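J.: here is my input; please provide its structure:
(one chain, ligands or ions: 1)
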Amino acid sequence: MDHLKQKMKPTVKVLLLVSCLTVFLVFMSGYLKDTPLSLDVGSGSPCQQCLSDDQWFAARFNKSVEPFLSAEHTLPKDAFNWWKYLQNEKRSYDVYSETVRNLFQVFPATPNVQKPSPNHCRTCAVVGNSGNLKGSCYGPLINSHNIILRMNTGRTTGYEADVGHRTTHRIMYPESGMDLDDDTHLVLFPFKIQDLEWVTKALTTGFFGTSYMPVRHKIKANKDLVMVINPAFMKYVHETWLEKRGGYPSTGFMSLIMALHICDEVHVFGFGADKDGNWNHYWEELRNKKLKTGLHPGTHEYETILRLARHLKIKFYMGS
Ligand SMILES: *[C@@H]1O[C@H](CO)[C@@H](O)[C@H](O)[C@H]1NC(C)=O
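T.: Predicted structure coming up:
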């Protein structure tokens, strides 16, 4: 039996590869032929995406809210007062400001973000961790984007056929800290002042505090590619995009709205349940069939994502 299995394995792998490639080619030929996103934006746009007037979108999307902190940015007091309740911050606004000043002694004063240009479409893949990526064959399609954002510990090794292998941006917080390649951006989602201290120290002298989970003392990442989400941006996502529903937005949802602010075209993978309604991660075997985390159908976040897709502001891939 074992012998047979070993003999079968390469064949199965080749078959899988061929089937993935077929799916990709069929998809791309359809994509090129009738370009699902193309509603002709007129001359001058490098993208295929529809940028037509859309009241629902225009009432929410606010270009002037900065997604990332920079050395010159001053956080409005009301944004700090909203943010400090997320994880029960006890320290003051002044401590926050001092911590941010220290942070910009180590990291670039302005975040390393690609600017819009009439000659270049910044296409982004936002890759969530849903089990619906398993068997999806999205790997080559995901790899084809300029910017590829992954969340927390979402892994690629061993899952390349379904999730791709490139990562240009890794969203993390201290409790999900990991080592990065030298050309991957670290995008920190801060939920408390300590998170700002963590990123500063974990890339320099080491961080020796404690959190609700063990956190890494040190991580490897390129200091020039560190960017930190602006707490005022989190507040904007909560108030404007979710109409203040729920405690605060999920990391996945905030990442998706962030992508709308830094990309010209947003393609969304690995969000929501799989076709059987399960909520496992794509690298996990399904053990608890009742597991409920992530974005649920019926929640405001999920509805908003589907609505963005209906309004052609994102392309949403359902997976398998
Ligand atoms: C957009 O954001 C800016 C900066 O936070 C704010 O001053 C402005 O009032 C916002 N505009 C709308 C229409 O909400």
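
J.: show me the contacts for Glu175.
T.: Neighbouring residues of Glu175 by CB atoms under 8 Å, 6 or more residues apart in numbering: Ser211, Tyr212, Met213, Val215. Any C-beta I mention is one placed from the backbone N, CA and C, and that applies to glycine too.

J.: do the same with Leu256
T.: For Leu256, the residues meeting the contact criterion (CB under 8 Å, 6+ apart) are Val126, Val266, Val268, Phe271, Ile305, Leu308, Ile314.

J.: check which helix or strand covers it.
T.: Secondary structure here is read from DSSP states H and E; on that basis Leu256 sits in helix 251-262.

J.: ok, Cys263 to the ligand distance?
T.: In this structure, Cys263 and the ligand are 19 Å apart, going by CB to the nearest ligand atom, to the nearest Å.

J.: going forward can the numbers begin at 17, since that is how I track them
T.: In the new numbering, first residue 17, that becomes Cys279.

J.: from Asn162, how far off is that residue?
T.: Spatial separation of Cys279 from Asn162 under the definition CB to CB, to the nearest Å is 8 Å.

J.: quick check: neighbours shared by these two?
T.: Arg138, Thr139, Cys140.

J.: for those residues, which single residue is the most surrounded?
T.: If you count neighbours using other CB atoms under 10 Å, the busiest of the shared contacts of Cys279 and Asn162 is Cys140, which has 26 neighbours.

J.: list the buried residues for stretch 83-94?
T.: Using 16 or more other CB atoms under 10 Å as the burial criterion, the residues of stretch 83-94 that qualify are Pro83, Phe84, Leu85, Ser86, Leu91.

J.: for the protein, just list every one of the strands.
T.: If DSSP state E is used as the criterion, the strands of the chain fall at 139-143, 163-167, 185-188, 201-204, 242-244, 281-285, 331-332.

J.: just so I know, which of those lies nearest the ligand?
T.: Ranking the strands of the chain by their distance to the ligand (criterion: CB to the nearest ligand atom) puts strand 242-244 first, at 17.0 Å.

J.: His89: what's it in contact with?
T.: With CB under 8 Å, 6+ apart, His89 has these contacts: Glu82, Asn246.

J.: where's it relative to the ligand, distance?
T.: In this view, His89 and the ligand are 11 Å apart by CB to the nearest ligand atom.

J.: cool, Gly144 as well?
T.: For Gly144, the distance to the ligand (CB to the nearest ligand atom) stands at 27 Å.

J.: before we move on, the earlier item: which of the shared contacts of Cys279 and Asn162 come close to the ligand?
T.: Residues shared between the shared contacts of Cys279 and Asn162 and the neighbourhood of the ligand: none [CB under 6 Å from any ligand atom].

J.: what sits against the one residue in the stretch 67-216 of the chain that gets nearest to the ligand?
T.: Relative to the ligand, the nearest point of the stretch 67-216 of the chain is Asn78 (3.7 Å; CB to the nearest ligand atom). Residues touching Asn78, when contacts are defined by CB under 8 Å, 6+ apart, comprise Tyr252, Thr256.

J.: ok, now which ones touch whichever residue of the stretch 117-266 of the chain sits closest to the ligand?
T.: Using CB to the nearest ligand atom, the closest approach of the stretch 117-266 of the chain to the ligand is made by Ala248 at 6.5 Å. Contact partners of Ala248, counting by CB under 8 Å, 6+ apart, are Val81, Glu82, Leu91, Pro92, Ala95.

J.: quick one, what contacts the spatially most central residue of the chain?
T.: In the chain, the residue lying closest to the centroid (CA atoms, centre = their mean) is Ser271, at 4.2 Å. Contact analysis of Ser271 by CB under 8 Å, 6+ apart lists Val142, Leu165, Met167, Ile187.

J.: scan those residues and report the most crowded one.
T.: Neighbour counts for the contacts of Ser271 were taken using other CB under 10 Å; the highest belongs to Val142, which has 29 neighbours.

J.: on the pLDDT front, check the closest residue to Asp70 other than its chain neighbours for me.
T.: Setting aside the residues directly before and after it, Asp70 is nearest to His327 in space (CB to CB, 6 or more residues apart in numbering), at 5.5 Å. For His327, the pLDDT comes out at 93.

J.: help me confirm that Lys208 comes into contact with Gln103.
T.: Yes - in this structure, Lys208 is within contact of Gln103 by CB atoms under 8 Å, at 4.5 Å.

J.: I'm done for today, thanks for sticking with me.
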